[in-house]
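Peer 1: sequence plus the predicted model coming up.
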Amino acid sequence: MKTLRLISIALILFSRVVRLEADQPTNNFFAAITNFAKTYNVSLRYTTADPSALQQPATLQYVNNRDGSGDSYAIDAALTANFIPNTSPVASYLFFGPTFEYHKNNQISKPQDNLQAGLTGYEMIGDLTERPWATYLQQSLKYKRDKINVGNSLFTKFDVLPLFPAAAAGTAHGPKELKFTWQPLLGIQYEDGSDILKSTHGGSEFRSKLNVQAGLYPWAQTFDMRLEITAAYSYWHGFLKSGQFEKVAGDFKLFKTGIAYYLDPGKHFALGADYLNGQDVETGKPKQETITIALKIKF
């Protein structure tokens, strides 16, 4: 019943958005909001601004927990905007603006309550119209409030995302009915927390990160790439620890795969399912194995 209720809510939201888009010429308020969002690249995603081709949508989740602790609901969403309007010539390669991110799961055995707010920026080095490769450099500086793992903390990261369209890195390629893309990422992070694992003691840690994600689009032309199958693997290694972080494991692994079908041509709303195994140290997701049925939202 919970699953049917969630799907019903998704379809209601979808129908309302379609109606608003159809009425846009006569709906001045909606048109103004839409224009503002386009001008300043306001986006809603799973996590903070990600310039790769595989930007994961925000999710409202129904979770069937494999460890026997019962079902639950969860939310993973991040809102970002660019201080640089798209009318500026630098907006095509430079992004800098505020970000707000929230991850919540009310599971009794493995809860998650992680809020992040700060600034995110990225710039593109290289021009794909002049050479076959380019690189995105992404930086974030945020305040993090994590009620489960680190308390209040300062969190900063620097990521490098190489783009090589000829090898489908960062751009979908393939036959008309089967497109494929993938995106590697290398990064370094620093976090300084005040209450590590609710110990009332603080500490700091540097981490390196490796992430590889891939997307497959079966019947790409028929479905206009609205059917998406994804897989991602992330690995974090902690080093240069101090304080209470010295008592925390230094290696974290996360594997996630899923399927989604976008309900509208603009690819704003999708219904999908995901399998997750591991721990996400960035968003405060504890080690777990879950199957998720979700309403996914992307703007």
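Peer 2: Received, thanks. On a predicted model such as this, the values are computed, not experimentally measured, just so you know.

Peer 1: so where's this structure uncertain?
Peer 2: Where the chain drops to pLDDT under 70, the residues are 1-27, 29-30, 49-53, 65-70, 108.

Peer 1: secondary structure class for Asn41?
Peer 2: Reducing the assignment at Asn41 to three states with DSSP: H, G, I helix; E, B strand; the rest coil gives coil.

Peer 1: next: Phe83.
Peer 2: coil.

Peer 1: just use 22 as the starting number from now, easier for me
Peer 2: That works, and once the first residue is 22, the last one we named lands at Phe104.

Peer 1: neighbours of it, how many?
Peer 2: Using other C-beta atoms under 10 Å as the criterion, Phe104 is surrounded by 15 other residues. C-betas here are computed from N, CA, C, even on glycine.

Peer 1: next, the contact list for the residue nearest to it when sequence neighbours are not counted, please.
Peer 2: The spatially closest residue to Phe104, leaving aside those adjacent along the chain, is Gly118, at 4.6 Å (C-beta to C-beta, 6 or more residues apart in numbering). Contact criterion C-beta atoms under 8 Å, 6 or more residues apart in numbering gives 61-62, 70, 101-105, 140-142 as the residues in contact with Gly118.

Peer 1: let's see if you can find the most crowded of the residues you listed.
Peer 2: Thr141 (24 neighbours).

Peer 1: and the gap between it and Ala189?
Peer 2: Counting by C-beta to C-beta, to the nearest Å, the gap between Thr141 and Ala189 amounts to 26 Å.

Peer 1: buried set for stretch 204-213?
Peer 2: Of the residues in stretch 204-213, those scored as buried under the neighbour-count criterion (16 or more other C-beta atoms under 10 Å) are 204-206, 208, 210-213.

Peer 1: what's the closest of these to Asn135?
Peer 2: Closest approach to Asn135 among those (C-beta to C-beta): Glu212, at 12.0 Å.

Peer 1: which helix or strand lies directly C-terminal to the host helix or strand of that closest one?
Peer 2: Secondary-structure assignment from DSSP states H and E places Glu212 in strand 199-214. Using DSSP H and E, the helix or strand that follows strand 199-214 towards the C-terminus is strand 224-239.

Peer 1: pull the CA atoms of that following strand into CSV?
Peer 2: Listed next in CSV are the C-alpha coordinates belonging to strand 224-239 (Å, rounded to 0.1, in the frame of the first residue of the first chain):
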residue,chain,number,x,y,z
GLY,A,224,38.8,15.7,14.8
SER,A,225,39.8,16.3,11.2
GLU,A,226,40.6,14.1,8.2
PHE,A,227,41.8,14.3,4.6
ARG,A,228,40.4,11.9,2.1
SER,A,229,41.1,10.9,-1.5
LYS,A,230,38.2,9.8,-3.7
LEU,A,231,37.8,7.7,-6.8
ASN,A,232,34.5,7.5,-8.6
VAL,A,233,33.5,5.9,-11.8
GLN,A,234,29.9,6.0,-13.1
ALA,A,235,28.3,4.8,-16.3
GLY,A,236,24.9,5.1,-18.0
LEU,A,237,23.2,2.9,-20.6
TYR,A,238,20.2,4.0,-22.7
PRO,A,239,18.4,1.1,-24.4
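
Peer 1: the residue nearest to Thr202 when sequence neighbours are not counted and Leu237, how far apart?
Peer 2: Counting by C-beta to C-beta, 6+ apart, Ala193 is the residue found nearest to Thr202 once chain neighbours are left out, at 4.2 Å. With distances defined as C-beta to C-beta, the gap from Ala193 to Leu237 amounts to 9 Å.

Peer 1: mind listing the shared neighbours of these two?
Peer 2: Contact criterion C-beta under 8 Å, 6+ apart; residues shared by Ala193 and Leu237: 200-201.

Peer 1: got the contact list for Leu199?
Peer 2: The contact partners of Leu199, by C-beta under 8 Å, 6+ apart, come to 237-241.

Peer 1: for it, give the beta-bridge partners.
Peer 2: According to DSSP bridges, the partner residues bridging Leu199 are Pro239.

Peer 1: quickly note the distance from it to Pro239.
Peer 2: Taken as C-beta to C-beta, the spacing of Leu199 relative to Pro239 amounts to 6 Å.
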